[in-house]
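1. I'd like to go over a predicted model; first the sequence, then the structure.
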Amino acid sequence: MGRVHRFLRGRPGLPLFFAVVLVAAAAGAGCTHDRADKGASAGGEIVAAIEAWPTNLDPRMATDAYSERVGELIFSKLVREGPDLEPVGDLATSWEQPSPTVYRFHLRPDARFHDGTPVTAADVVYTFKWILDPAHGSPHRAAYEPIRDIVAEDDHTVRFELSAPHAPFLVNMVRGIVPAHLGDDPGYAQKPVGSGPYRLADVRPGEALVLAAFADYPGGPPPTGRIVFKVLPEDTVRMLALKKGDVQFVMNGLPPDALEALKDEPDLVIERGPGTTYSYLGFNLRDPILQKHAVREAIARAIDRDAIIAGVYRGQARPATGLLPPGHWAYNGDVPKYAYDPEAAKRLLDGAGYPDPEGPAPRFSLTYKTSQNQLTRRIGEVLQEQLAQVGIEVAVRSFEWGTFYADIKAGNFQLYTLSWVGVTDPDIYHYVFHSESIPPDGANRGRYANPDLDVLLERGRAEGDREARKAIYGEVQRIVARDLPYVSLWHPESVLVRDRRLTGFVLSPTGDYATLAHARLEPG
């Protein structure tokens with residue numbers, strides 16, 4: 001048993017790293033008497049720390065979590081996710097479905113873009129037709145391919161005509177609406193204009209995004225004048241910023257050890273709840289070694305998920321069997337599972353043509369890519385140690401977020417870990433695993449293909465009855481778990497660390513930022 005593995009099963013005391021941080025905080029930043037003055041500018045200010053710079057704020061192109069999350073405040077959508085994750089109106093005040101293939105939305109007449117121009121049905125038509133144009137390479141195009149036509153019946157009524165019934169249609173309408181008169185500007189992604197509760201006021205590349213309350217937002221501007229998203233890549237820096245009061249909000253952005261270190265801070269509140277985020281180990285199925293199912297199964301059986309959840313996550317996650325979390329209406333837990341069994345992993349590798357050589361040489365070597373996030377690097381080190389126990393050598397390579405994410409989208413990897421956030425409808429399986437969803441048309445980054453699965457995914461989209469859909473996606477989950485394009489790892493808890501004065505924000509299982517539009521810092 002190696003060094004990292006011993007740490008996972010070792011004593012539960014505070015790691016030395018964070019003990020040193022706490023001493024530094026006490027010595028260099030310990031005085032927090034000025035906390036009540038933080039955010040005291042006109043209209044108030046909330047500073048939220050994020051780990052990485054959003055890669056693209058244009059909702060037609062955004063796929064990374066921070067682009068999507070910040071975009072929730074900048075852009076309005078036809079519909080948004082309600083508290084129960086079902087669609088509720090946003091720009092649309094109401095809608096009807098006169099036939100299985102027709103949806104008609106009625107838009108609120110008082111909606112304005114941040115430049116003062118009205119939001120009209122023409123902007124809705126423009127946004128979705130732009131996404132559907134293959135020349136633009138939108139990663140969201142596949143979600144809207146069933147749309148046959150989009151018609152602006154008048155300024156505030158838009159009709160969608162589908163080529164066939166499409167069950168996830170309403171869920172997929174949670175896409176920010178872009179102004180037709182600005183959306184073709186080459187610089188739009190850097191300085192986007194939306195119609196949400198906040199407008200983009202300042203961009204400090206790599207450092208911070210500043211959002212300002214939109215005075216003409218329907219129903220009135222949000223209670224806080226500015227939200228600053230400050231990019232702080234290091235966990236310890238985010239933690240110290242919270243302690244000092246320089247940051248008032250961190251969502252799912254601190255490792256469990258840091259949460260342990262902050263739990264007794266009188267000026268901070270830690271909120272937890274079940275999360276829908278899904279973490280996984282991804283394979284490049286065009287790699288000659290990883291193409292072999294026995295190798296992927298061996299890797300799955302060599303990973304001790306329970307030890308990682310207990311040691312690295314301190315129990316703040318639950319094992320995953322697929323993209324959907326337990327409790328989701330379409331969840332099926334009766335799927336192939338791969339219990340930790342290093343001896344079985346060794347036998348699988350022997351049978352796959354990779355016998356254990358004499359001496360220290362590995363059976364074969366793989367490269368694992370991750371970001372520079374401290375938690376994901378630690379997980380990479382643990383996976384490296386666990387796979388070494390069955391004779392697989394893993395080189396861990398960490399990169400700046402933008403470089404790492406670009407490599408993953410381009411298929412430039414062997415192994416990597418990432419998480420899907422905001423999982424709501426089971427149609428995500430189409431986006432992630434359909435053979436026609438290879439980037440840029442989707443997120444099938446490992447180039448997985450199974451014709452039987454494709455048929456089921458098309459059926460799941462066309463089926464309107466929820467129980468029938470549940471049966472279809474139950475089989476989808478079984479096939480994906482069997483074929484192992486991913487190794488399912490865990491569903492981390494959704495965890496918010498906030499200043500005790502911050503009120504009005506509602507923690508969501510998806511970890512979204514939408515209710516920051518209702519948040520404020522109370523006095524003292």
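-> Received, thanks.

2. OK, contacts around the residue nearest the centre of the chain?
-> Nearest to the mean C-alpha position of the chain, counting by C-alpha atoms, centre = their mean, stands V421 at 2.9 Å. By C-beta atoms under 8 Å, 6 or more residues apart in numbering, the contact set of V421 is A65, E68, T276, T277, T510, G511. (C-beta placed from N, C-alpha, C; glycine too.)

3. between those residues, which is closest to S398?
-> A65 (17.8 Å; C-beta to C-beta).

4. what sits against the closest one?
-> S419, V421, G422.

5. Quick check: which of the residues you listed has the minimum pLDDT.
-> Confidence by pLDDT is poorest for G422 among the contacts of A65, given 77.

6. Can you tell me how far it is from L285?
-> Separation of G422 from L285 (C-beta to C-beta, to the nearest Å): 25 Å.

7. next one: G116
-> 50 Å.

8. more crowded one of the two?
-> L285 (20 against 8; other C-beta atoms under 10 Å).

9. Doesn't that one belong to a helix?
-> No. L285: not assigned to a helix; according to DSSP: H, G, I helix; E, B strand; the rest coil it is coil.

10. So it is in contact with R447, correct?
-> Yes. Applying C-beta atoms under 8 Å, one finds L285 in contact with R447, separated by 5.2 Å.

11. circling back: let's have the contacts of V421 in a markdown table, adding pLDDT.
-> As requested, the contacts of V421 are exported to a markdown table (pLDDT from 0 to 100):
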| residue | pLDDT |
| --- | --- |
| A65 | 84 |
| E68 | 91 |
| T276 | 87 |
| T277 | 89 |
| T510 | 82 |
| G511 | 83 |
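
12. List buried residues within those residues.
-> A65, E68, T276, T277, T510, G511 (16 or more other C-beta atoms under 10 Å).

13. List just the nearest of these to L182.
-> E68 (20.1 Å).

14. Could you report the neighbour count for V250?
-> V250: 27 neighbours (other C-beta under 10 Å).

15. hmm, I was thinking of P109
-> Count around P109 with other C-beta under 10 Å applied: 12.

16. Torsion angles phi and psi at it?
-> phi -80, psi -10 (degrees, to the nearest 10).

17. Now do it against A121, distance only.
-> 11 Å.

18. what residues are shared contacts of the two?
-> Common neighbours of P109 and A121 (C-beta under 8 Å, 6+ apart) are D155, H156.

19. Which positions in the longest helix belonging to the chain come out as buried?
-> Using DSSP state H, we find that the single longest helix of the chain is helix 466-483. For helix 466-483, the neighbour count (16+ other C-beta under 10 Å) marks 469-470, 472-481, 483 as buried.

20. likewise stretch 235-242?
-> Buried, per 16+ other C-beta under 10 Å, within stretch 235-242: D235, T236, R238, M239, L240, A241, L242.

21. give me phi/psi at the nearest residue to the fourth one once chain neighbours are set aside?
-> What that stands for is M239. Distances taken as C-beta to C-beta, 6 or more residues apart in numbering place A258 nearest to M239, at 4.8 Å, with adjacent residues excluded. Torsion angles at A258 (phi, psi; degrees, to the nearest 10) stand at phi -70, psi -40.

22. Let me see the contact set for A258.
-> A258 neighbours (C-beta under 8 Å, 6+ apart): F18, D235, T236, R238, M239.

23. Closest one of those residues to T503?
-> Ranked by distance to T503 (C-beta to C-beta), the contacts of A258 are led by R238 at 21.3 Å.

24. Check the gap between the residue nearest to M239 and F399 for me.
-> 22 Å.

25. If E45 is in a bridge, with which residues?
-> Applying DSSP bridges to E45 yields these beta-bridge partners: R226.

26. Among the contacts of V421, which lie within strands?
-> When the contacts of V421 are checked against strands using DSSP state E, none is located there.

27. I'd like the residues you listed written out as CSV, with distance to L324 added.
-> Formatted as CSV, the contacts of V421 follow (distance: C-beta to C-beta, whole Å):
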residue, distance to L324
A65, 18
E68, 19
T276, 8
T277, 12
T510, 13
G511, 16
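
28. Spatially, which two of the residues you listed are the most separated?
-> The widest separation within the contacts of V421 (C-beta to C-beta) is 13.7 Å, between E68 and T276.

29. Need the overlap of contacts for the two.
-> V421, G422.

30. Need the residues that contact stretch 206-224.
-> Contacts for stretch 206-224 (C-beta under 8 Å, 6+ apart): 43-46, 53-54, 70, 73-74, 108, 110-112, 114, 116, 195-204, 225-231, 504, 516-521.

31. In that stretch, which of the residues would be classed as buried?
-> A208, L209, V210, L211, A212, A213, F214, Y217, P218, P221, P222, T224.

32. Stretch 400-409 now?
-> Applying 16+ other C-beta under 10 Å to stretch 400-409 flags W401, G402, F404, Y405, D407, I408, K409 as buried.

33. Tell me if I'm right that the first one and E51 touch.
-> If I follow you right, that is W401. Yes. Judged on C-beta under 8 Å, W401 makes contact with E51 at a distance of 7.4 Å.

34. Run through who's touching the host helix or strand of T127.
-> Assigned by DSSP states H and E, T127 falls within helix 121-132. Helix 121-132 is contacted by residues 60, 78, 91, 105, 107, 113, 136, 138, 140-141, 144-145, 147, 150-158, 160, 175-180, 183 when judged by C-beta under 8 Å, 6+ apart.

35. still on that earlier bit, other SSEs contacting the longest helix of the chain?
-> helix 428-433, helix 451-462 (3 or more C-beta pairs under 8 Å, 6 or more residues apart in numbering; DSSP states H and E).

36. okay, the ones you listed, which one's buried deepest?
-> Highest mean neighbour count among these (mean count of other C-beta atoms under 10 Å): helix 428-433, with a mean of 24.

37. Give me the contacts around that one.
-> 142-143, 323, 420, 437, 442-444, 448, 450, 453, 457, 460-461, 473, 476-477, 480, 485.
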